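Student: everything below, folded, please.
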Amino acid sequence: MQSRRDALALLASFPWAGNAFAQAEDWRRAYPELVLSVTPAENSGGVIDRFAPFAEYLSRTLGVKVTIRIANDYAAVIEGLRSGQVHIAHMGPAAYTRASIVTQDGIEPLVTMANSEGAIGYYSVLYVRANDTARSLQDLRGRNLCLVDPNSASGNNVPRYALSKLGIEPESHFDRVVYSGSHENAVIALSQGTCDAAFNWWNTERESNLQRMATKGMVKTEDFRIVFRSELIPGSPVAMMRSTPEPLRRAVQQAFVDAAEKGREAFLRISDGNATGYVPVKAEDYRVMIDLSRYIDQMRRRRS
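Tutor: Predicted coordinates for the structure are as follows:
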């Protein structure tokens, strides 16, 4: 079998290929290890189990070590990108748009995941316990609400925007509004009675955080009921800082696009076998989320 060194030497003998080869080797020398940060939608053990095989796939494909870093919250992912301690971020669209705003468009979305139906995007839904008498948002007046994180799209920004369009101010409509810290925590808080309603992400009947938790034996889906669903939210992107080398960003983008075929088992682990592939995205695809984030900022300033 021809060795990797022989193959690279042959490739480098062609002038056009030699230039591309040199660029690839340049970024590998500058980035001998890449850190992949994942927004904590579930507990850290669940994130490691879900993404560890994919990090191994990326290491093989990119030719450098890829390690996973679990951030404490969404803001930590953004700060990790800014400081250069995180190179690749698997993040929610609201966290991406927040990062885009604070870095003045210094971050590039590379890909997002298509769901089992081949569609891109997801929804924010509001759950109540199945035995609750509430059938609508109005029925929940004076009750307790669980959001997820201030930088969560489905767990804060989209719910607040959707409620405002309905003339509902969460802090006055509900008796108490709390941030649970993660999507899993929101569901657990709802099941334990800490809150009476909780926002969460939902793709399809087969794909949701609630379904994942049920698969792990943490809850039963029949114990909960949806009383509100948002409009479609742009898909969660994988993003990198634009300050990283262009050949590096393109190599990472291609590795994700190829994952459904070349790293299939690792890819299927991420979505519990439900997703169909990663597809390229552009900053323009998230314009609506940037506008929404600015609306949230204005709303916070009015309250302060």
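Student: can we go C-alpha only for contacts and neighbour counts from here?
Tutor: Noted.
Student: do a quick rundown of the helices in this protein.
Tutor: Ranges of helices in the chain, per DSSP state H, are 4-12, 15-30, 44-62, 74-83, 93-102, 158-165, 170-173, 183-192, 209-215, 246-262, 264-270, 287-303.
Student: between these, which one is closest to Ala114.
Tutor: Nearest of the helices of the chain to Ala114, taken as Cα to Cα: helix 246-262 at 10.7 Å.
Student: report the buried residues of that closest one.
Tutor: Leu248, Arg249, Val252, Gln253, Gln254, Ala255, Phe256, Val257, Asp258, Ala259, Ala260 (16 or more other Cα atoms under 10 Å).
Student: distance of the last one from Ile270?
Tutor: The one in question is Ala260. For Ala260, the distance to Ile270 equals 11 Å [Cα to Cα, to the nearest Å].
Student: can you check the fifth one too?
Tutor: Gln254 sits 17 Å away from Ile270 when distances are taken as Cα to Cα.
Student: over to the second one?
Tutor: Distance, Arg249 to Ile270, by Cα to Cα: 21 Å.
Student: how far away is Ile226 from Leu137?
Tutor: For Ile226 relative to Leu137 (Cα to Cα), the value is 11 Å.
Student: then Gly84?
Tutor: Applying Cα to Cα, the value for Gly84 to Leu137 is 42 Å.
Student: cool, and Thr39?
Tutor: For Thr39 relative to Leu137 (Cα to Cα), the value is 28 Å.
Student: what's across from the nearest residue to Gln85 once chain neighbours are set aside in the sheet?
Tutor: Take Gln85 and drop its neighbours on the chain: the residue closest to it by Cα to Cα, 6 or more residues apart in numbering is Val35, 7.2 Å away. With beta bridges defined as DSSP bridges, Val35 has these partners: Thr67.
Student: list the buried residues in stretch 217-234.
Tutor: Going by 16+ other Cα under 10 Å, stretch 217-234 has these buried residues: Val219, Phe224, Arg225, Ile226, Val227, Phe228, Arg229, Ser230, Ile233, Pro234.
Student: mean confidence score for it?
Tutor: Average pLDDT, stretch 217-234: 95.
Student: now that stretch - C-alpha only, CSV.
Tutor: Output of stretch 217-234 as CSV, limited to C-alpha atoms (Å, rounded to 0.1, in the frame of the first residue of the first chain):
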residue,chain,number,x,y,z
GLY,A,217,-35.3,6.5,30.5
MET,A,218,-35.4,9.9,32.2
VAL,A,219,-39.0,10.7,31.5
LYS,A,220,-42.1,9.4,29.7
THR,A,221,-43.3,11.4,26.7
GLU,A,222,-46.9,10.7,27.6
ASP,A,223,-46.5,12.7,30.8
PHE,A,224,-46.3,16.0,28.9
ARG,A,225,-48.4,17.9,26.4
ILE,A,226,-47.6,20.8,24.0
VAL,A,227,-49.7,23.9,24.4
PHE,A,228,-47.8,26.2,22.0
ARG,A,229,-45.5,25.9,19.0
SER,A,230,-43.4,28.7,17.5
GLU,A,231,-42.7,29.5,13.8
LEU,A,232,-39.8,27.7,12.2
ILE,A,233,-36.3,28.5,13.7
PRO,A,234,-33.1,28.3,11.5
